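*Asks:* Okay, sequence plus prediction incoming.
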Amino acid sequence: MLSIGCFRSNSASDLTTVSNHNQVFNFQDVEDLYRFLTYSEKRVPLVSAHRGGPDIGYPENALETFQRIAYKTPAIIECDIALTKDSVLVLMHDETVDRTTTGKGRVRNHTYQELKSLYLKDKAGDVTNFRIPTLEETLSWGIGKVIFTLDVKREVPYHMVIDAIRNTKAEAYSVIITYSADQAAVVHNLAPDLMISASIKSTEDLLRLNDRDVPDTRLVAFVGTSEVDRQVTDLLHQHGILCILGTIGNLDRQAKQNGDQVYADYIENGADILSTDRPLQAAKALDFYIRKRDLSSPYIN
């Protein structure tokens, strides 16, 4: 049975060096990922750590932050991909490095060597000892530990992200985020084997994807950041598609105010994955939900 208590809890000092152990997910190949991300009534709900789960002492889009989450709960890590001046893919949400690092200026105006000299800041703006990771080192670290949903920022070519996934053999642990049926079709045409997160908030959204020959078996659905429309989630579940609910913002605030059991209510009402800025609190609530219903997966240690 899945339990947060089965995973190590580490202090900040234990995480100053990113480790290469802590196997969480058991995917032999991408077919296992398809099976795991196909809806069934016995599916195990998961948290998706928005921007990797930043906290005090742990910056967004940092390997050390990802490791902190992975040690505590099976998780999806949502991270953001930007492109440097010399065409290196790095993790960065903003167009500039001002907010999250000790540097200044646009990411695309810096070489990777220049970015390597910067330090990341945590959510309070305090400087940490952590650095900006590349996409490839992130994917290499994450195999077996997490599932990545990769948010590809503007001006980053999809084919470069796909090449990074291929180079690191991370197909079984990677999902590419798209925001329109056209984007999803581009990704599927470039890499028919990869999983795609698509924005699906209505029947029409699903039909548009079907019209562009993006198969249901390659999709997880982002259903928005407000209470789930049960008709939509029921339809998606009939197609075998898991639903990601973005609790970032208002729904996270509701959980903080009304009690973290609200996260389990979101699952009960049709969500399967919660994209949250409070991943550890949400995971604790989902752990109780999982235990109560005796849910498990052969793909989770």
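*Replies:* Looks like it arrived, so ask away.
*Asks:* All the helices of this structure, residue numbers only.
*Replies:* For the chain, helices defined by DSSP state H occupy the ranges 30-36, 63-72, 112-116, 135-142, 158-168, 181-190, 203-211, 230-238, 250-258, 262-268, 279-292.
*Asks:* so what does the fifth one touch, helix or strand wise?
*Replies:* The one in question is helix 158-168. strand 89-91, helix 135-142, strand 147-152, strand 174-177, helix 181-190 (3 or more C-beta pairs under 8 Å, 6 or more residues apart in numbering; DSSP states H and E). In short, each C-beta sits where N, CA and C put it, glycine included.
*Asks:* the inter-axis angle of the longest one versus strand 147-152?
*Replies:* What that stands for is helix 181-190. 120 degrees (axes from the mean of the first three to the mean of the last three C-alpha atoms, to 10 degrees).
*Asks:* list the buried ones in helix 181-190?
*Replies:* For helix 181-190, burial by neighbour count (16 or more other C-beta atoms under 10 Å) applies to 181, 183, 184, 185, 186, 187, 188.
*Asks:* ok, now stretch 112-125?
*Replies:* So stretch 112-125, judged by 16+ other C-beta under 10 Å, has buried residues 112, 115, 118, 120, 121, 122, 123.
*Asks:* quick one: pLDDT of the second one?
*Replies:* Among the per-residue scores, residue 115 holds a pLDDT of 98.
*Asks:* Can you pull up the most central residue in the chain?
*Replies:* Taking C-alpha atoms, centre = their mean, the centroid of the chain lies closest to residue 78, which sits 2.6 Å from it.
*Asks:* List the beta-bridge partners for that residue.
*Replies:* residue 149 (DSSP bridges).
*Asks:* So it is in contact with residue 50, correct?
*Replies:* Yes. Counting by C-beta atoms under 8 Å, residue 78 does reach residue 50; the two are 5.4 Å apart.
*Asks:* what touches both of those two?
*Replies:* residue 275 (C-beta atoms under 8 Å, 6 or more residues apart in numbering).
*Asks:* ok so, going back, out of the buried residues of stretch 112-125, which one has the weakest pLDDT?
*Replies:* Lowest pLDDT among the buried residues of stretch 112-125: residue 123, 95.
*Asks:* how close does that one sit to residue 54?
*Replies:* 5 Å (C-beta to C-beta, to the nearest Å).
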